[in-house]
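S.K.: kindly generate the corresponding structure for this input.
(one chain, ligands or ions: 1)
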Amino acid sequence: MTVAGVLALALGIGVTATVLMLRAEGETLDAQRRMVLEEASHDALTLSRHVVGQQRALGAAAGQFHPPDLARPDVLQARLAGEHVLSTLFDALFIVDAKGRMLMFRDDAGTRPMSLDVADRPYFIRTLEERRGIISEPVTSRVTGNQVVLLTWPMVHAGAVSGVLVGAITLQRRDLLATVVDPTNTEHPALVIITDAAGKIIAHPTADMRGHSIEADPFLHGAFKRWQEAGSPAELSGIDISDREHLTGVAAVPGTDWLVWRSQDVAGLLAPLRDGRTEATRVAAGVVVVLAVGLAIMLRWLLRPLYRLEKRADRLFDSDIAPDEGWPAATGEVGQLQRVLRRSVRERALIEERNNQVLQQLSSVLAAAPVGIAVTRADQFELVSAHLCQLLDTPQDDLLGQPMQLVFASNEDYFAMAPQLAASFKVSQPYAAEWQLLRRGGQPFWARLSAQPVNPHAPADGIIWTLQDITREVASRTALEWSATHDSLTGLANRTVLEERLARAVSQRPGSMPACVLMFDLDHFKPINDEFGHAAGDAMLRAVSQAAATQVRSVDLLARIGGDEFGVLLEHCPADAAQRVAVAIRDAISELAMPWEGRSLRVGVSIGLAPLTADYTDAAQWLADADQACYGAKAAGRNTVRSHLPAGLAAGGPLGWQQSAQGLRLVAQRTSNTR
Ligand SMILES: Nc1nc2c(ncn2[C@@H]2O[C@H](COP(=O)(O)OP(=O)(O)OP(=O)(O)O)[C@@H](O)[C@H]2O)c(=O)[nH]1
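M.R.: The predicted structure follows:
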């Protein structure tokens, strides 16, 4: 702004000075142009008076001559020699008779007769014709060979011209300008010359130019052309024929056909003015520079508070500077601005302090929290607690910025979680689920994950997670579930499971048919306990379980009902096939020889079989019938298989199982002994 102001000031001063200077130049030129005309006119008048004076003197002398005198050379010589005044006015004097013969001649060399004929000379002819004194154009003297101007005066007697008195002015010798130009006027030197109407130079400061055409003058030849083009006007008051380089005026000399030319060089005229302008410009430039420097210093001083305020504002929130430090003391608008900025800085410092406290608290919480805490955005960890790092066995720096998917045991789990998470957030519910995660070494563990968005309205802004390691909880829960459904000694399913499966088969009839249940009880098991101890009994129970398991399909259910009793559910198994399975089980158990303390222990088994029929109202009855058949096997002498026959077949009819197109059919009531 300062620089622009100074430039504008300098430009203004420059333009104003230039306009004033140009106007001064114009006015100076106009005044000088008028002066040139006036001086040319004045010179012409002065010259006219001089020349007219010469003519008068010539006329007075001519009047002294009488016709008889012209025939007497001695008289003429004496008269001419006595003309002292004329001899000062002219360089030569001579007398010519009416026929043009020169009678007597006087110059500096003396007065003497001269035999010369001038009858052909225009000045002589005109003098005779016009009977008055005339002034010739410059001509070459026939006596001296010099350029001369001749002034004549006729000697008239009785109306006739008897002779002519002639006065010669030698142009090279006599400077007519000396009579008109004031040599003391040197303030504005001008070139002044005198020519005749044809432009032949009569007087010139350079003597060699006299007698030549004005066109040979480099200073005035252009002016002469313009004068001719203007119609060669001749006025006493002078004509202005200036051009851009010269101020030129030409004035007619009264009583002659001569012209006085006066010309001045415009550049020379204006030189002092232009020198003054240059000087003034230099001074003005100096003033502008001084002003600019002064103005800059003043503005700098004036704007100092603003400058300091700007510097402080550049470091507005720089934590190295205290909020109240570095502000300039200022009043007015700058002061107002300073107070507003200062207040903003203070408020921001307070907010920062509060934020730092919150961050401190947050990092304390994250460090001390007994659960893993994480904040994710765009599925990447942005914040993790110390406990989470422990859980994942991963340093904080290795977790931050990593995708959350990285800690999931399987990618499928991670992708399955995403829609569940979105569904919970959609109904503004926190998400909670159990997923298997991986520690850094690849070791899996179960974690309970809870999540909720930082901003409930924009889950994309971030999600807060809490993670708990529930591996033990899951393990004990699994064990509990297993023990509720299994026999801890043999690892087989327990009675509860068997009864549930039987009940389901009953309820799913007829789709679950054909199906059979086997119920078996070990024979003479008690003596093993009694004789070899309870551990031997346990070992026998486990051995029996494994032997029985080898005889059933994986889809069949082998269960320990309690004590030395077992049950088998054979689904999609007709009675004859079940019969074969029962026999196979009996054989496997009875062939079992369990080594114990150097002895080989053996047991037998009694098996009861009951097929599923449409008559059963519940599973308990079905199992009770199998139990009844087992009891029948015991009663029949043990280590045998007995089948339960439905009530309708108990009254009689064909015996045993028959194969039909539909499968095996029960067609008789008889307890079979397969021993
Ligand atoms: N070692 C052991 N013995 C058991 C267990 N449960 C029950 N018993 C014993 O199993 C025996 C079962 O009795 P019984 O069926 O009457 O004995 P048994 O000698 O097989 O008689 P029969 O069936 O008539 O041949 C009892 O002595 C119980 O104490 C068990 O878990 N472990």
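S.K.: only C-alpha atoms for contact and neighbour calcs from this point on.
M.R.: OK.
S.K.: what's next to the helix or strand where S545 lies, contact-wise?
M.R.: Element membership for S545 (DSSP states H and E) is helix 534-549. With CA atoms under 8 Å, 6 or more residues apart in numbering as the test, helix 534-549 has contacts from 489-490, 492, 525-526, 528-529, 558, 564, 585, 588-589, 592, 594, 596.
S.K.: check contacts around E137.
M.R.: Taking CA under 8 Å, 6+ apart, we find E137 in contact with V149, L150, D196, K200.
S.K.: tell me which two in the contacts of helix 534-549 are the farthest apart.
M.R.: When the contacts of helix 534-549 are compared pair by pair using CA to CA, the two farthest from each other are L558 and W596, 25.5 Å apart.
S.K.: which one of those two has more residues nearby?
M.R.: Neighbours per residue, other CA atoms under 10 Å: of L558 and W596, the larger number sits with L558, 27 against 12.
S.K.: how is the residue nearest to the more buried one when sequence neighbours are not counted assigned, secondary-structure-wise?
M.R.: Take L558 and drop its neighbours on the chain: the residue closest to it by CA to CA, 6 or more residues apart in numbering is V568, 4.6 Å away. In the three-state summary, V568 is assigned as strand, counting by DSSP: H, G, I helix; E, B strand; the rest coil.
S.K.: and the pLDDT for the residue in the stretch 251-400 of the chain that the ligand sits nearest to?
M.R.: Of all residues in the stretch 251-400 of the chain, the one sitting closest to the ligand is L391 (42.5 Å; CA to the nearest ligand atom). The per-residue pLDDT reported for L391 equals 93.
S.K.: check whether it really touches R439, as I assumed.
M.R.: Yes. Under the criterion of CA atoms under 8 Å, L391 makes contact with R439 at 7.1 Å.
S.K.: ok so, going back, the helix holding S545 and the ligand, any residue contact?
M.R.: Yes. When contact is scored as CA under 6 Å from any ligand atom, part of helix 534-549 falls within range of the ligand: H534, A535, G537, D538.
S.K.: next one, pLDDT for the third one please.
M.R.: The per-residue pLDDT reported for G537 equals 97.
S.K.: gap between it and D487?
M.R.: Taken as CA to CA, to the nearest Å, the spacing of G537 relative to D487 amounts to 15 Å.
S.K.: looking at those two, which is more packed in?
M.R.: For G537 versus D487, the count of surrounding residues by other CA under 10 Å is larger for G537: 20 against 17.
S.K.: in which helix or strand does S344 reside?
M.R.: Secondary-structure assignment from DSSP H and E places S344 in helix 332-368.
S.K.: same question, V260
M.R.: Counting by DSSP H and E, V260 is found in strand 259-265.
S.K.: show me what that strand is packed up against.
M.R.: helix 2-62, strand 191-195, strand 246-252 (3 or more CA pairs under 8 Å, 6 or more residues apart in numbering; DSSP states H and E).
S.K.: so which bits of the very next helix or strand once past it are buried?
M.R.: Helices and strands here follow DSSP H and E; after strand 259-265, the next one along the chain is helix 266-302. For helix 266-302, burial by neighbour count (16 or more other CA atoms under 10 Å) applies to V266, L269, L270, L273, R274, R277, T281, A284, V288, A292, L295, A296.
S.K.: then stretch 484-493?
M.R.: If you call a residue buried by 16+ other CA under 10 Å, then stretch 484-493 has these buried ones: T485, H486, D487, T490, G491, L492, A493.
S.K.: and R244, what is it in contact with?
M.R.: If you count contacts by CA under 8 Å, 6+ apart, R244 has them with V266.
S.K.: can you classify it by secondary structure?
M.R.: Under the three-state scheme (three-state DSSP), R244 adopts coil.
S.K.: phi and psi next, for it.
M.R.: Main-chain torsions, R244, degrees, to the nearest 10: phi -60, psi -30.
S.K.: from now on call the first residue 735
M.R.: OK, 735 is where the count begins now, so the last one is R978.
S.K.: mind pulling up the pLDDT for it?
M.R.: The per-residue pLDDT of R978 was computed as 88.
S.K.: close to the ligand: what parts of the stretch 1185-1334 of the chain are there?
M.R.: Residues of the stretch 1185-1334 of the chain that fall close to the ligand, judged by CA under 6 Å from any ligand atom: 1256-1261, 1263, 1268-1269, 1271-1272, 1297-1298.
S.K.: tell me the helix or strand right after the helix holding S1078.
M.R.: As assigned by DSSP H and E, the chain's next helix or strand after helix 1066-1102 is strand 1106-1111.
S.K.: which parts of stretch 1182-1190 are buried?
M.R.: Neighbour-count burial for stretch 1182-1190 flags R1182, L1183, S1184, A1185, Q1186, P1187, V1188, P1190 (criterion: 16+ other CA under 10 Å).
S.K.: can you pull the contacts of D991?
M.R.: D930, A931.
S.K.: now do D825
M.R.: By CA under 8 Å, 6+ apart, the neighbours of D825 are D841, D842, G901, A902, I903, T904, R908.
S.K.: ok, now how distant is it from the ligand?
M.R.: D825 sits 182 Å away from the ligand when distances are taken as CA to the nearest ligand atom, to the nearest Å.
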